[in-house]
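1. A predicted structure for the sequence below; I have some questions about it.
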Amino acid sequence: MPEELWAGQIDRALEHHPQALTRDELSAATGLRHLEIRRALAWKRHRDRRRYEQDPQTPEVG
């Protein structure tokens with residue numbers, strides 16, 4: 001699933017840039033297009049929501 005791989009690229013880029021990044025900066029840091037970034041972030045939200053639904057004791061992310 002490419003969204004999962006893109007999400008990993010975003011996570012790694014954010015580790016090196018702890019300050020907030022604009023979309024253009026995140027795109028430059030990851031090599032991803034804006035659409036790929038949106039799809040990766042949507043995948044992460046969906047994954048986090050599913051984890052929370054499976055274990056309501058886990059704090060919801062986002």
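-> Yep, it's here. Since we're looking at a predicted model, the values are computed, not measured. Numbering: from 1, shown residues only.

2. In three-state terms, label the residue lying farthest from the centre of the chain for me.
-> Distance from the centre of the chain peaks at residue 57, with 22.1 Å (C-alpha atoms, centre = their mean). Following DSSP: H, G, I helix; E, B strand; the rest coil, the label given to residue 57 is coil.

3. Quick one, grab the pLDDT at it.
-> Looking at residue 57, its pLDDT reads 71.

4. what do you get for residue 18?
-> 84.

5. Check the burial of it by counting its neighbours.
-> By the measure other C-beta atoms under 10 Å, the count of residues near residue 18 is 7. Where you see a C-beta, it was placed from the backbone N, CA and C, and this is true even at glycine.

6. Could you identify the longest helix within this structure?
-> Using DSSP state H, we find that the single longest helix of the chain is helix 34-54.

7. How far does that helix sit from its chain's centre?
-> Distance of helix 34-54 from its chain centroid, counting by C-alpha atoms, centre = their mean, to the nearest Å, is 7 Å.

8. Kindly report the same for stretch 11-26.
-> What separates the centre of stretch 11-26 from the centre of its chain is 11 Å, taken as C-alpha atoms, centre = their mean.
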